[in-house]
Every structure is written in structure tokens, then in C-alpha cells.
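> Next input, structure requested:
(one chain, ligands or ions: 1)
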Amino acid sequence: MTADSRPARPTLLGQNQYGKAENRVVRIVRDGATHRIKDLNVSVALSGAMDDVHYSGSNANVLPTDTTKNTVFAFAKEHGIESAEAFGVHLARHFVTSQEQIHRARIRIEEYGWERIGATGHSFARTGQETRTTEITFDGRGFQVISGLKDLVVLNSTDSEFWGYAKDEYTTLKETHDRILATEVTARWRFSWTGEDETEGDGAENGDAPAWEETYAQVRGHLLEAFAGTYSLSLQQTLYAMGSRVIEHHAGIDEVRLSLPNKHHFLVDLEPFGLKNDNEVYVAADRPYGLIEGTVLRDGAEARIPVTD
Ligand SMILES: O=c1[nH]c(=O)c2[nH]c(=O)[nH]c2[nH]1
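Next up, the predicted model:
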């Protein structure tokens with residue numbers, strides 16, 4: 001099929017994908033004087049029969065990235081944004097089912113939160129620094145939905161120890177039985193839902209899909225509860241407790257991957273000033289930092305969340 005257009009070179013096209021990245025779409029829902037806001041950053045990546053455009057420059061199979069951008073904005077109007085996940089599922093299905101040459105669509109979405117301020121019904125302030133994330137992939141048969149969050153900074157001012165570790169001639173770290181434990185949580189969780197058994201084309205999509213909004217709030221809550229409630233002997237132990245808690249409370253989630261930078265807080269030596277530092281004054285170091293990462297799986301489930309990203 002493509003051999004004709006392939007130049008006579010000792011090279012071969014490998015994995016490729018394309019689409020418009022970082023479409024910043026803000027959707028307002030006006031319910032009388034009370035408005036709701038969805039603020040997303042949507043990135044589309046399509047792949048399929050794209051050999052020709054790379055080998056010969058024929059654009060016959062290329063749905064322009066500009067069109068993918070337009071689709072994001074048109075869908076925001078036509079279908080609304082009930083949740084980032086539902087929006088991504090809709091988009092992914094559209095690209096694969098409407099264009100024969102497109103075999104796979106990956107939609108990545110970041111969602112920025114807003115909370116109401118004042119009594120107007122139309123005034124908002126951006127919430128915290130944390131960002132909600134989701135990635136929807138559709139290959140024409142089933143969906144894979146990996147949702148998550150990033151930039152969620154948390155700190156325990158006690159109930160954290162670190163001792164009993166391996167030591168060699170380069171080890172200078174002092175054992176501690178009371179330290180600050182702080183991290184900036186990046187979490188991703190994979191749903192077992194694939195949408196394969198759902199009925200299509202009747203507008204009643206996602207009948208069997210998880211309650212995306214509710215699940216996000218619950219998972220976030222479990223991550224925070226586990227961080228706060230674990231008496232920690234290492235950040236690794238805390239990581240496992242956080243992932244396990246999510247899986248134990250959500251039958252529809254099979255896998256959780258966490259990336260937890262150890263935001264070190266070092267005790268300051270106040271002796272030169274004749275002062276005793278009784279675990280009260282710390283310097284917050286920004287780098288280097290320990291980086292603790294790991295996947296927690298439901299027993300029997302397969303690891304599918306990419307390790308590198
Ligand atoms: O929770 C921790 N895990 C480590 O692996 C580690 N290594 C280190 O120097 N401090 C810490 N803290």
C-alpha cells in the first residue's frame with residue numbers, strides 16, 4: 001500500500017501521531033443568573049493510515065489539525081462539557097468513527113478548577129494550584145480512561161520518620177524519628193471501564209460509564225486521607241497506602257500510579273546563634289529532591305499506565 005510512495009532509503013516510518021495540542025476551551029453554562037464554568041486544555045493526537053503523508057506528502061488521509069481544533073470548540077457548544085472524561089470519550093469516538101483512515105485517537109485534557117466568589121452567581125476565583133487531568137484513548141473497539149491530578153502540594157508536620165536505611169561510605173543522612181513529610185502529588189488512575197458494551201448512536205452515551213465528577217472528588221479525598229492518616233516510615237510506604245486506599249474504595253479503578261517528589265525540609269542549625277532548634281525551624285529546599293514513584297495494582301490487573309511521561 002505504501003511501498004510505492006516510500007523513498008528508497010534505509011529508513012522506515014515508526015510510531016506517529018498528530019493533532020492540535022492545547023486547545024484552551026472555556027464553556028459557560030448559564031442557568032439563569034447562576035453560571036457554571038468548565039475550563040479545559042484539550043490536546044488531540046490521532047494516528048492511523050498516515051504513511052503517505054510522511055513518505056510522499058500526499059495529504060489525502062490528513063484531517064487537518066485545524067479541523068480537530070474546531071471540533072473541540074464545536075463539541076463544547078453542541079454537546080456541552082459534563083465532565084472532562086465524558087467530553088474526551090465523545091471526541092475520541094468521533095474522530096475514529098467518522099474518518100476511516102484514523103484508527104486511534106488520544107485525547108488529553110487538563111482541567112482548571114473555579115469556585116464561586118461573592119453572591120453574583122457569575123464571579124469565580126481559580127482554585128488552588130492543582131490541575132485535574134484525564135487521557136482518553138479509543139482504538140475503534142474500546143476506550144481506556146486514565147484520569148488524575150497534578151500539582152497538589154501536601155505536608156505533614158509530624159508522624160514521619162526515616163531510619164534503618166542501607167548505608168555506605170557516602171551516606172551522611174542522619175536518621176530521623178520526627179520530620180516534615182511534604183510532596184507535590186501527581187496521580188493517575190485507570191478505570192476498568194472500556195465502553196465496549198454500551199449502546200451507541202442514541203444520544204444516551206455513557207450509560208454504563210463511571211460517574212466521572214463524583215469519582216474524581218472521591219479519589220482526591222482518598223489520596224488526601226491516606227496521606228494525612230498514614231504514620232509514615234518512608235514516602236514509599238505512604239505512596240503504597242495512597243494507591244491502595246483508592247483501589248480498595250473504587251471497584252472501577254484497577255491501577256493507580258503516583259509520582260511523589262520528596263519536598264525536603266531540613267532543620268536549620270541555630271547553634272551558631274546560641275539557639276536550640278527543637279524541630280521548629282526548617283529550610284524548604286527546592287532541589288535536588290528525592291523522587292518516589294510507583295504503581296499500585298488491583299490483584300490480577302495488568303499495569304497499563306505508562307511509567308515514563
Ligand atoms: O521517604 C524517604 N524515602 C527515601 O528513599 C529517602 N531517601 C532519603 O535520602 N530520604 C528519604 N525519604
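
> I'd like to know how many residues surround residue 72.
22 (other Cβ atoms under 10 Å). Glycine gets a C-beta too; all of them are placed from N, C-alpha and C.

> was I right about it contacting residue 22?
No - taking contacts as Cβ atoms under 8 Å, residue 72 lies outside contact range of residue 22: 10.4 Å.

> got any residues that touch both of the two?
residue 42 (Cβ atoms under 8 Å, 6 or more residues apart in numbering).

> Now do the contacts for residue 32.
Applying Cβ under 8 Å, 6+ apart, the residues near residue 32 are residue 121.

> Touching, residue 102 and residue 94? I think so.
No - using Cβ under 8 Å, residue 102 is not in contact with residue 94, being 9.8 Å away.

> Give me the more crowded residue out of these two.
Neighbours per residue, other Cβ under 10 Å: of residue 102 and residue 94, the larger number sits with residue 102, 22 against 18.

> Model confidence score at the more buried one, please.
What the model reports for residue 102 is a pLDDT of 98.

> same check, this time on residue 160
pLDDT, residue 160: 97.

> Any idea what the closest residue to it other than its chain neighbours is bridged to?
By the measure of Cβ to Cβ, 6 or more residues apart in numbering, the closest residue to residue 160 outside its immediate chain neighbours is residue 181, 3.7 Å from it. Note on residue 181: beta-bridge partners residue 156, judged by DSSP bridges.

> wait, what's in contact with the residue in the stretch 1-150 of the chain positioned nearest to the ligand?
For the stretch 1-150 of the chain, the residue closest to the ligand is residue 150, as judged by Cβ to the nearest ligand atom, at 20.1 Å. When the contact criterion is Cβ under 8 Å, 6+ apart, the partners of residue 150 are 130-131, 133, 184-187.

> any idea how far residue 26 is from it?
In this structure, residue 150 and residue 26 are 20 Å apart, going by Cβ to Cβ, to the nearest Å.

> who's sitting farthest from the centroid in the chain?
residue 274 (47.7 Å; Cα atoms, centre = their mean).

> where does residue 128 land on pLDDT?
pLDDT at residue 128 comes out at 79.

> My read is that it contacts residue 113, right?
Yes - proximity of residue 128 to residue 113 meets the contact threshold set by Cβ under 8 Å, at 7.1 Å.

> okay, these two: which has more neighbours?
Shown here are residue 128 and residue 113; by other Cβ under 10 Å, residue 113 has more neighbours (15 against 12).

> residue contacts, the more buried one?
39, 126-128, 130, 132.

> Try it again at 6 Å.
residue 127 (Cβ atoms under 6 Å, 6 or more residues apart in numbering).

> From residue 149, how far out is the residue nearest to residue 160?
19 Å.
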